[in-house]
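> no letters, just coordinates:
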Ligand SMILES: O=C1O[C@H](COP(=O)(O)O)[C@@H](O)[C@H](O)[C@H]1O
């Protein structure tokens, strides 16, 4: 595992880490957009609570956001105005200021269940400009990342499928989900793991102890390739 560990030393380490990561992502997007005047750049973000200060730090970076596509690593199969919708979170915290010019691609459809809507979403997301400039992953206390849950009903499918998206249900979470597959999450120029807290540091240490046992701690699927780790206590 090649880890680029960026850790804050200021009084507000989470904010400082978010700002460092925003600088890194803005430079990555700018570099990928410079490839040609027609180039588009794709940014894959995670939901949850961790990215909020990152989104605030990133959204006013001076780059051509009109050529940036943004999608999610995973989503709850809920309406976009639900409190726990990742799409709502992205619209409220990232697609503001300069970044309002970006194009957001949600992971839901009009179907009632993710099993019915997944094909449509997969086709839509697969049509974006892969490889992504960056995939920003989070991690839960159970070692899940995106919606690759240890107790997910389709975890093995999501780890092996060539499909872009996979529906997911897990006893440990209340809502049905949809997640990008492992193969799709790996189609990126840069992978970032953004974590906060000593509890998650402990889970990551455990995961690094045996990176082969992916089903136990699915974050392990990303620990054998280059990864930029942004962590703050
Ligand atoms: O369920 C989820 O949790 C993880 C981590 O969330 P956080 O609140 O601890 O930041 C997140 O990365 C994932 O996208 C989300 O669906």
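Received it, and whenever you're ready, just let me know what you need. Since the structure is predicted, the reported quantities are computational estimates derived from the model, not experimental observations.
> centre of the chain to stretch 42-54, how far?
Its chain's average C-alpha position is 6 Å from that of stretch 42-54, according to CA atoms, centre = their mean, to the nearest Å.
> where does the closest residue to residue 104 other than its chain neighbours fall, phi/psi-wise?
With CB to CB, 6 or more residues apart in numbering as the measure, residue 70 is the residue that lies nearest to residue 104, at 5.0 Å, once sequence neighbours are left out. Placement of C-beta: from N, CA and C, glycine included. Reported as degrees, to the nearest 10, the phi and psi values for residue 70 are phi -130, psi 130.
> isn't residue 70 up against residue 90?
Yes: contact criterion CB atoms under 8 Å: residue 70 and residue 90 qualify, at 6.7 Å.
> which of these two has more neighbours?
For residue 70 and residue 90, the more surrounded residue by other CB atoms under 10 Å is residue 90, and the numbers stand at 24 against 21.
> residues of this protein that sit close to the ligand?
46, 47, 48, 49, 50, 73, 74, 138, 139, 140, 146, 147 (CB under 6 Å from any ligand atom).
> residues near the fourth one, how many?
Meaning residue 49. Residue 49 has 9 neighbouring residues, counting by other CB under 10 Å.
> report all helices and strands that the host helix or strand of residue 26 contacts.
Using DSSP states H and E, residue 26 maps to helix 13-33. Contacts of helix 13-33 with other secondary structure elements, assessed using 3 or more CB pairs under 8 Å, 6 or more residues apart in numbering; DSSP states H and E, are made with strand 3-7, strand 41-45, helix 52-58, strand 134-137, strand 191-196, strand 227-232.
> relative to residue 111, which of these is closest?
Comparing the helices and strands packed on helix 13-33 by their distance to residue 111 (CB to CB), the top pick is strand 41-45, with 22.2 Å.
> who are the packing partners of the closest one?
Helices and strands in packing contact with strand 41-45 are listed as helix 13-33, strand 68-72, strand 134-137; criterion 3+ CB pairs under 8 Å, 6+ apart.
> let's test this: mean pLDDT of the first one, rounded?
It refers to helix 13-33. The average of the pLDDT scores along helix 13-33 is 98.
> who wins for most neighbours among the residues of the chain next to the ligand?
Going through the residues of the chain next to the ligand with other CB under 10 Å as the criterion, the one with the most neighbours is residue 147, at 35 neighbours.
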